[in-house]
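Asker: Predicted coordinates and the sequence they were generated for:
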Amino acid sequence: MNPKPSLLGLDYQDLLHICEELDVSPVHAKKVMGKVFRYAEFDLENIPDFPKKLLQHMQENYDLSLPEVVTAQQADDDTQKLLIRMRDNKDVESVLIPAEDRITQCISSQVGCAIGCEFCLTATAGLTRNLTTAEMMQEVMIAQRTLGEFPRNIVMMGMGEPLHNYAHVAKFIRMLTHEQGMALSPRRVTISTAGLVPAIYRMLDDDLPCSLAVSLNATTNEVRNSIMPINQKYPLEDLLKAMKTYVAARSRKRVLIEYVLLAGINDTMDDAKRLVDIAKDMGSTVNILPFNPFIGSKYQRPSDEVVDMFRNFLNDAGVVAVVRISKGRDISAACGQLKTEVNQRAAQRKERRGQI
Ligand code: SAH
C-alpha cells in the first residue's frame, strides 16, 4: 500500500501553495496543471526548466500511479464499463459512453450509496465510503488512458450520491473546469442528485461551475416516498422550490429532470400531466429512463408502447423529453445497474435467503 497522497488530488491553489512553500515561481504550478490535466502526462522530469527541488518534492511526496482496472467490459454498442480497484481494495465502476462527437464518462462518486432508492442496484450495497477528489480524477485519467483522449462530457451518474460527498465532488468539478487544466465547459459537467435540498442551495452559494440534473422520478409525495426514502426528509415541494431557485438564480442555467419509468408505479398519463406542469415551470428538459431491471428488483420496465406514449404526451405538451437509450445493457452498465460483480453475488445470496 502506497501511503503517499495522489498528485491528482492537487488543484491549482494547492500547487501554487507548494510553489510558495518551496520558494519557486508560481509559473511552475501552471506547468504541472497543463502537463498532468491537459496532456495526462505524469513524467514531470520532462517539463522544461522545472526546478529540481520542486521535482524532487513532487516525486518524494506524491503518488503518480493509477489504480488497477480489474475488468474492462465492452458492450455491443461500444459502451465500456471499467471496474476500478482503489488502494484499499474497494471497487467502483466507471462507464464510457461514446457518441458521435464526444465521449461521455459516467463517474462514480462513492463506494456504494446511502440514499436507498428502491429501484437502484447500487443502493442494495449501502454506503462503504466516499471517493476522494483524487480517486474521481483517477477515473478520468483511466478513461484517458483507455481511449487515448479525455472524455469531453462528465456526468456524476455512476455509483453514489455526489451531493452526499459534497466537498470532494466540488473540488473535482472545479478541477475539471479549471482553465489551466482540462478546461471542460461547465455545461458539459453534470451533477445528478436524488434531491439533497440543502446541497442544491450550497451549489448555488458556491457558484459551482456545472449543470444540475435532478432524479425526480415521481410527481406526488406519495409515490416519491415509496420509491425514494430521501423524499421523507426533503419532500417534493421543497425539492421543486430548490430547483426553481436554482433556475432563477443562474441565468441561462437549467435543471435537467430525470425520470425513471416504473411500470404501474409512475407511468400513467396523470403522472405525465403533472410532470408536464413541473417541467414547464422549470423550463426543464426531461430524460426518461425506462427501468433497468436487476436480480432481486421489485419493479418492472414498462412496455415500449407505454414509454413512447409517456414521451409523446410530454412532447405534445411542449416539453422536450427524450428516452435515454440505455447503453451497455448487455454488460449491466446501464443506469442503476452499477454495482460490482462481488456485490451482485452478495445480493443474489441475500435474495436466495429471502432478504430482499
Ligand atoms: N445519486 C444520483 C446519481 C446516481 S443514479 C442520482 O440519484 O441522480 C443516476 C440515475 O440513474 C438517476 O436518475 C437514477 O434515478 C437512475 N436509476 C437508478 N437506478 C435505475 C434503474 N434501475 N433503472 C433506470 N434508471 C435508474
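Answerer: Ah, there it is.
Asker: Can you show me the strands along the stretch 51-200 of the chain?
Answerer: With strands called from DSSP state E, counting those that start in this stretch, the stretch 51-200 of the chain shows them at 68-74, 80-85, 91-98, 103-106, 110-112, 127-130, 153-156, 189-193.
Asker: Mind checking these for the one nearest to Leu16?
Answerer: strand 189-193 (22.6 Å; C-beta to C-beta). For every residue, glycine as well, the C-beta is placed using N, CA and C.
Asker: Wondering if that closest one reaches the ligand at all.
Answerer: Yes. With C-beta under 6 Å from any ligand atom as the criterion, the ligand is reached by strand 189-193 at Ser192, Thr193.
Asker: List the neighbouring strands of that strand plus their orientation.
Answerer: Strand 189-193 sits in its sheet next to strand 153-156 (parallel), strand 211-215 (parallel), going by DSSP bridges.
Asker: With distance to the ligand and mean pLDDT added, can I get those strands in CSV?
Answerer: Below are the strands paired with strand 189-193 laid out as CSV (distance: least, C-beta to the nearest ligand atom, whole Å; pLDDT from 0 to 100):
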stretch, distance to the ligand, mean pLDDT
strand 153-156, 6, 97
strand 211-215, 3, 97
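Asker: Switch the ones you listed over to JSON lines; also include mean neighbour count and distance to Met136.
Answerer: Shown next, in JSON lines, are the strands paired with strand 189-193 (neighbours: other C-beta atoms under 10 Å; distance: least, C-beta to C-beta, whole Å):
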{"stretch": "strand 153-156", "mean neighbour count": "23", "distance to Met136": "9"}
{"stretch": "strand 211-215", "mean neighbour count": "22", "distance to Met136": "17"}
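Asker: Could you export these to JSON lines, including columns for distance to Leu54?
Answerer: Converted to JSON lines, the strands paired with strand 189-193 look like this (distance: least, C-beta to C-beta, whole Å):
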{"stretch": "strand 153-156", "distance to Leu54": "29"}
{"stretch": "strand 211-215", "distance to Leu54": "36"}
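Asker: Can you say which of those is nearest to Phe313?
Answerer: Going by C-beta to C-beta, the one of those nearest Phe313 is strand 211-215, 20.0 Å.
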